[in-house]
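J.: Show me how the following folds:
(2 chains)
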Amino acid sequence: MSIWTAYLGAEARFADVGGISTRYVALGEGPVVLFLHGRGGHLETFVRNAPALAARFRTISVDLLGHGMTAQTATGDYSIAALTKHIGRFLEVLGVRDARVVGQSLGGWVAVWLALNEPERIGRLVLIEPQGLQSEEERLAAPGAEERYRVGGEAYENPTREAVRKRLSGLVADHGLIDDDMVETRWRLYQPEASRAVHQHVRRAPNGAFLLTAERLKKLRQPALFVRGEHGHTPLPIIEASARACVEAQVLTVPGTKQWPQYERPDLVNPAMTDFFLNRR
Amino acid sequence: MSFWTDALGAEVRYHDAGGWRTRVVEAGQGEPVIMMHGLSGHAESFVRNVVPLAQAGFRAISMDAIGHGYSSKPLDVTYHSPLFVEHLKRFMDAIGARKAHLVGQSLGGWTAMNFAQKYPDRVRSIMSVTGAGILLEDEASKKKSEEIHKQVQTVTQNALQTPTREGVRKRLEWLMLDPKSVTDELVETRYTIFMLPDSRQAMPKMVQEQPGEGNRAHLMREKDLAALSVPTYVIWTDHNPTMPASIAERAAKIIPGAKYSLVEGAGHWPQFEKPEVTNKLLIDFLKRVRS
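T.: This is a model prediction of the structure:
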């Protein structure tokens, strides 16, 4: 199975979102499920998920502002507000009035902001190892976090295939799972210096103002499913406290996985997402 | 190197070509270059060519022919050359292309030539890459043409009867000089397409009709080749499994002003087996025609 064969039958398009050329892949018919990847990521993050959910939903996977093959913004603003605004406008351009959202890491943070901003348009949320539950200082204080940051950053500074594979391998418990097609794709996407610069901007964005505090999560009307890797970076008590703050939320722990449970165990995560979106869980 | 990374930056999209859904892999801006695959093929045949042609300043489009890939596969039509010509015309109308450069591989080359006969004012140039549909008058050529028709029918039907990955692989290996050129991804793509319900319905009809007697009326005979009025490029290979290079070269001499090139180290798919060489030939020719 390659990325191309996984998406056979899909459309891969570029939409003009207020002057920002925005890449997306759409597959399937039915209610919309939108997929938002993490920092430094791109829509292929969900290659093992969107095609599976396409049996019941219209799946739309999109590259966030400045990420993947979506254009950079001249303003240099990659705050949560800017990323969220871009996705909101993207949905408008596509004429999507009602979307469920799957967000991984940074994409999960954006998904919550989107849901808070547009409660009438955004439905249920699947938040996979979402960012924004802790402040940067708190995150970096955790054992091993600095080292992970450093290794992950190598792929931006000197984007060799090896560095890219190392960074991707850090997302999964079983390093052999990252296939060559994914490494090659990310390696290509990281070659332009401008695209690597975006990741530094995103890292440095003053996002303290957008943290997903308990007060904010209380306002979230949409039911949420938190999906965490058994060996993921966000501590379980943090995720559990966040879930409790929500009006309606549940937590799924995916055994033997880290930051990319959706890639490592699609056999568990896909049925869970489908059931959740169909209100069966 | 994978189809996905080859096509990064290109779009995969669907056009409504006068009622026929048409899938394309498309990139770039400029004069349209429409690439057409062979019998039982699909747009991925040109996956290594779309982005390079786009980077050279053209709107490069590889399309699934009617009855193929993810395009419509109607059952109330006859899969003879005029149908592929009509599909191309409707497609060009749909994308607003008054004129286009046509790259046709195998069956696609036949379509391109018949299209240029019928709509010469809509063609900027033709590039026939191991293109089918040429019938020279001498006895040896005629005999070869008969043989090829039967051979194509046999290998294609074998691959279709009950599609298996192994059968699909064998059919693809027949296209290539080096069997290793047939990647797992190519096999999987074609197998997935052959297993689509509408493919299962339409393809037996198509492979029976396409090499049928009635379709031979549309072959390009010497007088037809001599009457072609658009810039033409015949690209062949040293190991083409259908028509040998000697006949192609002679055909190129009959077409007024036509250019001929031989790609070495390839079978029926030089654009896939030798993409760098073939892209350079195509781009050099396109740029000359454009200027």
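
J.: Could you use CA atoms for every contact and neighbour count after this?
T.: Fine.

J.: Can you tell me the SS state at the closest residue to chain A within the stretch 51-200 of chain B?
T.: With CA to the nearest CA, the shortest gap between the stretch 51-200 of chain B and chain A falls at B:Thr189, namely 5.8 Å. Taken by DSSP: H, G, I helix; E, B strand; the rest coil, the conformation at B:Thr189 corresponds to helix.

J.: so how far is B:Gln153 from it?
T.: Here the criterion is CA to CA, to the nearest Å. By it, B:Thr189 lies 21 Å from B:Gln153.

J.: Up against chain B, what does chain A have?
T.: By CA under 8 Å from any CA of the partner chain, the part of chain A that sits against chain B consists of A:1-5, A:8-14, A:69, A:181, A:184-185, A:188.

J.: Buried ones only from the residues you listed, please, as a PyMOL command.
T.: Burial among those is assessed by 16 or more other CA atoms under 10 Å in any protein chain shown; the matching PyMOL selection reads:
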select buried, chain A and resi 2+3+4+5+8+9+10+11+12+13+14+69+181+184+185+188
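
J.: Narrow the residues of chain A next to chain B to those in strands?
T.: A:Glu11, A:Ala12, A:Arg13, A:Phe14 (DSSP state E).

J.: Chain neighbours aside, what residue packs nearest to the third one?
T.: In this case it means A:Arg13. Leaving aside its chain neighbours, A:Arg13 sits nearest to B:Glu11 (5.0 Å; criterion: CA to CA, 6 or more residues apart in numbering or on different chains).

J.: Repeat that for the last one.
T.: Of all residues not flanking A:Phe14 in the chain, A:Arg23 sits nearest, at 4.4 Å (CA to CA, 6+ apart).

J.: Reduced to three states, what does that neighbour come out as?
T.: Three-state call for A:Arg23 (three-state DSSP): strand.

J.: Assess the claim that the residue of the stretch 51-200 of chain B closest to chain A and A:Thr5 are in contact.
T.: Yes. With contact defined as CA atoms under 8 Å, B:Thr189 reaches A:Thr5; the gap is 5.8 Å.

J.: So which elements touch the worst-scoring helix or strand of chain B on mean pLDDT?
T.: Confidence across the helices and strands of chain B bottoms out at helix B:139-160, with a mean of 78, counting by mean pLDDT, DSSP states H and E. If you count contacts as 3 or more CA pairs under 8 Å, 6 or more residues apart in numbering or on different chains; DSSP states H and E, helix B:139-160 packs onto helix B:165-175, helix B:197-209.

J.: Between B:Thr189 and B:Gln153, which has more neighbouring residues?
T.: Ranked by neighbour count (other CA atoms under 10 Å in any protein chain shown), B:Thr189 and B:Gln153 place B:Thr189 first, with 23 against 18.

J.: For B:Leu136, the count of nearby residues, please.
T.: By other CA under 10 Å, 23 other residues sit near B:Leu136.

J.: Also B:Met63?
T.: Neighbourhood size, B:Met63 [other CA under 10 Å]: 30.

J.: Quick check on the closest residue to it other than its chain neighbours: phi, psi?
T.: Nearest non-adjacent residue to B:Met63, counting by CA to CA, 6+ apart: B:Val24, 4.3 Å away. Dihedral pair for B:Val24: phi -130, psi 160, per degrees, to the nearest 10.

J.: B:Val24 - how many residues pack around it?
T.: Here the number of neighbours of B:Val24 (other CA under 10 Å) works out to 27.

J.: can I assume it is in contact with B:Arg13?
T.: Yes. B:Val24 lies in contact with B:Arg13 (CA under 8 Å); the separation is 5.5 Å.

J.: Now do the strand or helix carrying A:Ser195: which elements does it pack against?
T.: Assessed by DSSP states H and E, A:Ser195 sits inside helix A:193-204. With contacts defined as 3+ CA pairs under 8 Å, 6+ apart, helix A:193-204 has these neighbours: helix A:145-157.

J.: Which neighbouring elements make contact with the helix or strand that the helix it packs on is followed by?
T.: Toward the C-terminus, helix A:145-157 is succeeded by helix A:161-169 as the next helix or strand (DSSP H and E). Counting contacts by 3+ CA pairs under 8 Å, 6+ apart, helix A:161-169 packs against helix A:145-157, helix A:180-190.

J.: Check those helices for me: which has the lowest mean pLDDT.
T.: Looking at those, the lowest mean pLDDT belongs to helix A:145-157 (a mean of 81).

J.: CA atoms only for stretch B:144-162, dumped as PDB, please.
T.: Output in PDB follows, covering the C-alpha atoms of stretch B:144-162 (Å, rounded to 0.1, in the frame of the first residue of the first chain):
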ATOM      1  CA  LYS B 144       2.800  -7.200 -38.500                       C
ATOM      2  CA  SER B 145      -0.300  -5.000 -37.900                       C
ATOM      3  CA  GLU B 146      -2.600  -8.100 -37.900                       C
ATOM      4  CA  GLU B 147      -0.300  -9.900 -35.500                       C
ATOM      5  CA  ILE B 148      -0.200  -6.900 -33.100                       C
ATOM      6  CA  HIS B 149      -3.900  -6.600 -33.000                       C
ATOM      7  CA  LYS B 150      -4.300 -10.300 -32.000                       C
ATOM      8  CA  GLN B 151      -1.500 -10.100 -29.500                       C
ATOM      9  CA  VAL B 152      -2.900  -7.000 -27.800                       C
ATOM     10  CA  GLN B 153      -6.300  -8.700 -27.600                       C
ATOM     11  CA  THR B 154      -4.800 -11.800 -26.100                       C
ATOM     12  CA  VAL B 155      -2.600 -10.200 -23.400                       C
ATOM     13  CA  THR B 156      -5.200  -7.700 -22.400                       C
ATOM     14  CA  GLN B 157      -8.000 -10.300 -22.200                       C
ATOM     15  CA  ASN B 158      -5.800 -12.600 -20.100                       C
ATOM     16  CA  ALA B 159      -5.300  -9.800 -17.600                       C
ATOM     17  CA  LEU B 160      -9.000  -9.000 -17.400                       C
ATOM     18  CA  GLN B 161     -10.700 -12.300 -17.200                       C
ATOM     19  CA  THR B 162     -10.500 -12.600 -13.500                       C
END
